[in-house]
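Engineer: Sequence first, then the predicted structure, then my questions.
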Amino acid sequence: MDWNEVTKTALTVAGSGGSAFLGAFFRFKQRLKDAETNAAEALAEAQTATADLAVLRSAHENLAAGWRLEFNALKDDFQRELAHRTALEEAREEGRASRRDPTEDLRDELEELKKQLERLKERQARYVRSETFVEHTKAQETQWKEIARTLGRLEALAR
């Protein structure tokens, strides 16, 4: 066995293995340093993002509180308006129930006028032979019919 050859081979293997180990060690060390730098930067970004998130969350809560107040005010106004309308409607119904309907009064008067007209026509046939009276009664009858039609239209509009 040639010790020179063994030594040369051993030194070559040890040199190349050692240099490979040192190269890998320094690359690992560089990657570790890069990883630590990146982790520190990420931590700083995370802290900045956390602070920004807290500010945004606070702004959102303030905005939501404002909208809640506005919505509650609108809801209260609506409830108050609804209660007011209900009270007005009840008062109106109560007022209507306490007195007669004016259209019923007009209808009763119209019926009474029609009865009187019929009586006048009967009397006219017995006592009066004047054409002026006949024209007057016809004009009254036409007028009362028109009043009855108008009353019907008003009732339809009132409903």
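Structural biologist: Structure's in. What do you need?

Engineer: Quickly note the distance from Glu61 to Trp67.
Structural biologist: Plainly put, Glu61 is 11 Å away from Trp67 if you go by Cβ to Cβ, to the nearest Å. All C-beta spots, glycine's among them, are computed from the backbone N, C-alpha and C.

Engineer: now Ala46
Structural biologist: 31 Å.

Engineer: got it, and Leu117?
Structural biologist: In terms of Cβ to Cβ, Leu117 sits 70 Å off from Trp67.

Engineer: ditto for Leu154
Structural biologist: Counting by Cβ to Cβ, the separation of Leu154 from Trp67 is 48 Å.

Engineer: Looking at the two, which has the bigger crowd around it?
Structural biologist: Leu154 (13 against 10; other Cβ atoms under 10 Å).

Engineer: Find the nearest non-adjacent residue to the more buried one, please.
Structural biologist: Leaving aside its sequence neighbours, Leu154 sits nearest to Thr103 (Cβ to Cβ, 6 or more residues apart in numbering; 6.8 Å).

Engineer: Remind me which helix or strand that neighbour belongs to.
Structural biologist: Element membership of Thr103 [criterion: DSSP states H and E] is helix 102-126.

Engineer: okay, the angle between the following helix or strand past that helix and helix 102-126?
Structural biologist: Where DSSP H and E defines the elements, the next helix or strand beyond helix 102-126 is helix 131-158. In terms of direction (axes from the mean of the first three to the mean of the last three Cα atoms, to 10 degrees), helix 131-158 departs from helix 102-126 by 160 degrees.

Engineer: What does the pLDDT read for Arg129?
Structural biologist: Arg129 is assigned a predicted lDDT (pLDDT) of 62.

Engineer: Show me which positions of the lowest-mean-pLDDT helix or strand in the chain end up buried.
Structural biologist: None of the helices or strands of the chain scores lower by mean pLDDT, DSSP states H and E than helix 102-126, at a mean of 79. For helix 102-126, burial by neighbour count (16 or more other Cβ atoms under 10 Å) applies to 106, 113, 120.

Engineer: same thing with stretch 80-96?
Structural biologist: Counting neighbours by 16+ other Cβ under 10 Å, one finds that stretch 80-96 has no buried residues.
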